[in-house]
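Chemist: Attaching a predicted model along with its sequence, questions to come.
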Amino acid sequence: MSAHLTAHAVHFAHADHEVLRDVSLTVSPDDRIGVLGPNGVGKSTLLSLLAGTRHPDAGDVRRSPTSATVVLIPQELDTRPGDDVADVAFRRAGLTALQEEFDAATAGLADGGREAAERYDLALERWLAGGAADADARLDDVLDRVGLGADRRGQPVDSLSGGQRARVALAGLLLTTADVLLLDEPTNDLDHEGLARLDEWVDERRSALVIVSHDRAFLRRTVNAVFELDDHTRTGTRFNGGWDAYLEARETAARHAQDAFDDYSAERDRLAARARQQSDWASKGVARAKRSDEPDKNIRSMIKESTEQQASKAKQTRRALDRLQEVDKPWVPWELRLELAEAPRSGQDVVSARGLTVQRGGFRLGPIDLDIRAGERVHLTGANGSGKTTLLRLLLGDLAPDDGVARLGTSVQLSRLDQARATLASTEPLLAVAEAATGATTEEVRTTFAKLGLDQRDVVRPATNLSPGERTRALLGVFMLRPANTLVLDEPTNHLDLPAIEQLGRALGDFGGTVIVVSHDRTFVDELSLSREIALVDGRLVADRPLT
C-alpha cells in the first residue's frame, strides 16, 4: 500500500517542559528518514506521536489512507512476566496490538450499527496489511534467520542471555509488514551478523522508514533524508539527499547564518557610528552658533544651515538603522564536555586468566588463558551469545568460574560501564547512588552531572527511572568523578546521542590507561586507535592479534 503519514504543526509538552513546538513532517512511501538531535530533544516522543501511542497538545497526525499500518519499534525490549519468545516478538512487531483490535472489533459486531461495521472493516484491513494473518507461520523462519532457531519460540524470555534477547528484538523487527515503520535505535545490542541482517532487511523493504539512530555507518547506508530536531527552537528541519548531503548542507547553512549575522553586525555598527558622528557634529554646530559673536548675518546663517543639515542627516541615518532587518546571532548549543578522571598507572599486569571455564545452562565458556597489560587498548569481539559479557564478568570477579582462576593486577583502579548499566539498578535517587559509587560530595556530583546535561531535577529522580540515554550519561559522570587507570566498556554507545558518542571517543583517545571495549558501533571503534583484538566464537577464544 502507498501510505503517507503527516504531522502538522505538532506541539507537545511534558509537565512544564516544552518538548516539541510547531513540528511538521511528511513521510512518503519512498522515504527513509533519519531523525537526529541531542538526548532529550524529543526524538522518541516524535516517533510515539507519529505512531499514535501519544497525542499532541496541538496540531495533528494523519494517515493516508486511514487503513495504513504504522508500527513503532521501541529502543528497549518490552517484556512482561510469563512472556515467551513468540509473545515478545509478536508484541514488538505490532502484531499483538493489531490482533487485539481485530478481536475487539469482531466482538463489537454483535452490537450492530454502522460504527461497529466501520471499525471492523478498518481493523480487518490493518490486520491483513500488518501481516497478522500469517505471522505465526512466518515466525519460525524469522527465528531461524536471526540465529535463535524455531525451537526457541516457546522459551521464557527471562531465561535468555543478553545476546539472545537482542536477536528476539531483531526477530520482532523482521516480522512486521507495516506500511510505515518507526525505528528507535534499531542497531542497539546487535552484533555484526545482526547488523548485516538489519542492513539486508532495510534493502528489501519497500515501505517508509523513520529511524532514530546513533550509528553513523548505518545512517550513511540507509537514509535518504534527515530530520533534525533543534534543542533551542524545539522544532525540526528536513534535509534531503542522505547522510553526507545532510552533513554538507548543515555546515553550509551554519556558515551562511554566521555570514549573514556578520554582515548585519557590520552594517549596524557602521550606521550606528555614523549616526553618532553626525549627531555629534550637529551638537557642536548648535553650541558654536550659540557662542558665536559673528557680526556677519550671512555667516551666522551658514553655520545654522550646516548644523540643521547634520541633524537631518543623523535622523536619516537613524531611520536607516531602524529599517535594517535584524539578523539573530546563530545559537551556540550547549556542548557536552567529557573529561575522564585518570588514576596513576597500574602495575604491568592488569588482568590474567588461566584455564578459565564456566558452564551456564547449555553454554560453556573456556577454557581461556589470557593476559592484558597496562596501557593496552583491547577490542573484545564476537557474535551475540559468544560469551563476551560472561568473560568480562569472570575477569572482573563478578562471576565465579567453575574451573581456573582470574586475577586483577596490583594497583588496578577500575571503572566499568556494563551493558545492563547495573550500577544504576537502584530505586535510590541518582544523587545518592553516584555519591556512594564515587565518594564525591553532593556539590561535585551536581556540578559534574550538569556538564552531562543532567540537571537538578534529574539527580533527585530514582536511578531506575532514568531513560536509557540518561543512565549512560550518568555512568560517564561516575567515570569523571572516580579516577581510574583501567576502563571496561560494554557497548558504551548504546542510547547515547551523536555529540555524546563523539565526546566519549575524544575522551578515550586522551585516556592514558588500559581500555577494554566491547562495541559493534563500527565508526566509533574505528576512531579509538585500538591496539589489540580478542575474538570469541561460541565460548572459545579463537583469535588474539595486534591491531595496527
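Modeler: Good, I have the coordinates. What you are looking at is a predicted structure, and each value in this text was computed from that prediction instead of being measured. Numbers count the residues shown, from 1 in each chain.

Chemist: By mean pLDDT, flag the weakest helix or strand of this structure.
Modeler: When the helices and strands of the chain are scored by mean pLDDT, DSSP states H and E, helix 297-323 comes last with a mean of 70.

Chemist: which is the next helix or strand following it?
Modeler: Using DSSP states H and E, the next helix or strand after helix 297-323 towards the C-terminus is strand 349-360.

Chemist: Show me the contact partners of that following strand.
Modeler: 364-374, 376, 390-391, 394-396, 399-410, 412, 486, 514 (Cβ atoms under 8 Å, 6 or more residues apart in numbering). C-betas here are computed from N, CA, C, even on glycine.

Chemist: Tell me the strands beside that strand, with direction?
Modeler: Partner strands and pairing direction for strand 349-360 (DSSP bridges) are strand 363-373 (antiparallel), strand 403-408 (antiparallel).

Chemist: Any idea which of these gets closest to Asp526?
Modeler: Ranking the strands paired with strand 349-360 by proximity to Asp526 (Cβ to Cβ) places strand 363-373 first, at 21.3 Å.

Chemist: Kindly format the C-alpha coordinates of that closest one as PDB.
Modeler: Extracted as PDB, the C-alpha positions of strand 363-373 are listed here (Å, rounded to 0.1, in the frame of the first residue of the first chain):
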ATOM      1  CA  PHE A 363      26.500 -22.600  27.200                       C
ATOM      2  CA  ARG A 364      30.100 -23.300  28.000                       C
ATOM      3  CA  LEU A 365      32.900 -20.600  28.100                       C
ATOM      4  CA  GLY A 366      36.500 -21.600  28.000                       C
ATOM      5  CA  PRO A 367      39.000 -22.800  28.900                       C
ATOM      6  CA  ILE A 368      40.600 -19.400  28.400                       C
ATOM      7  CA  ASP A 369      44.200 -18.300  29.000                       C
ATOM      8  CA  LEU A 370      44.600 -14.500  28.800                       C
ATOM      9  CA  ASP A 371      46.900 -11.600  29.800                       C
ATOM     10  CA  ILE A 372      46.100  -7.900  29.400                       C
ATOM     11  CA  ARG A 373      49.000  -5.500  30.000                       C
END
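
Chemist: average pLDDT for it?
Modeler: Averaging pLDDT along strand 363-373 yields 92.

Chemist: re the thing from before, deepest-packed of the strands paired with strand 349-360, please.
Modeler: Greatest average neighbour count among these goes to strand 363-373 (a mean of 18), per mean count of other Cβ atoms under 10 Å.

Chemist: Determine how far the last residue of stretch 102-116 lies from the first.
Modeler: 12 Å (Cα to Cα, to the nearest Å).

Chemist: for that stretch, which positions count as buried?
Modeler: 102, 105, 108, 116 (16 or more other Cβ atoms under 10 Å).

Chemist: Looking at those, which is nearest Leu195?
Modeler: Within the buried residues of stretch 102-116, the smallest distance to Leu195 is 33.6 Å, found for Phe102 (Cβ to Cβ).

Chemist: Does anything pack onto the helix or strand that closest one falls within? Which helices or strands?
Modeler: Under the criterion of DSSP H and E, Phe102 resides in helix 95-108. On a contact count with 3 or more Cβ pairs under 8 Å, 6 or more residues apart in numbering; DSSP states H and E, helix 95-108 meets helix 85-92, helix 114-129.

Chemist: let's see it at 6 Å
Modeler: helix 114-129 (3 or more Cβ pairs under 6 Å, 6 or more residues apart in numbering; DSSP states H and E).

Chemist: got the angle between the helix or strand that comes right after the helix it packs on and helix 114-129?
Modeler: Using DSSP H and E, the helix or strand that directly follows helix 114-129 along the chain is helix 135-145. Helix 135-145 and helix 114-129 are oriented at 30 degrees to each other (axes from the mean of the first three to the mean of the last three Cα atoms, to 10 degrees).

Chemist: For the helix or strand that helix 135-145 is followed by, name the packing helices and strands.
Modeler: The helix or strand immediately downstream of helix 135-145 is helix 162-175, counting by DSSP H and E. Under the contact definition 3+ Cβ pairs under 6 Å, 6+ apart, helix 162-175 sits against helix 85-92, helix 135-145.

Chemist: Helix, strand or coil: sort out Leu181 for me.
Modeler: When classified by DSSP: H, G, I helix; E, B strand; the rest coil, Leu181 comes out as strand.

Chemist: what does Leu209 give?
Modeler: Judged by three-state DSSP, the three-state class of Leu209 is strand.

Chemist: Does it touch Val180 like I think?
Modeler: No - look at Leu209 against Val180 with Cβ atoms under 6 Å: they stay out of range, at 7.8 Å.

Chemist: Counting neighbours, go ahead and name the busier of these two.
Modeler: Val180 (24 against 20; other Cβ atoms under 10 Å).

Chemist: Hmm, the more buried one is touching Leu5, no?
Modeler: Yes - in terms of Cβ under 6 Å, Val180 counts as a neighbour of Leu5; the distance is 5.0 Å.

Chemist: Need the residues touching each of the two.
Modeler: Jointly contacting Val180 and Leu5 under the rule Cβ atoms under 6 Å, 6 or more residues apart in numbering are Val27.

Chemist: now the residue nearest to Leu271 when sequence neighbours are not counted: how far from Gly242?
Modeler: Using Cβ to Cβ, 6 or more residues apart in numbering and skipping the chain neighbours, the partner closest in space to Leu271 is Leu321 (4.3 Å). For Leu321, the distance to Gly242 (Cβ to Cβ, to the nearest Å) stands at 43 Å.
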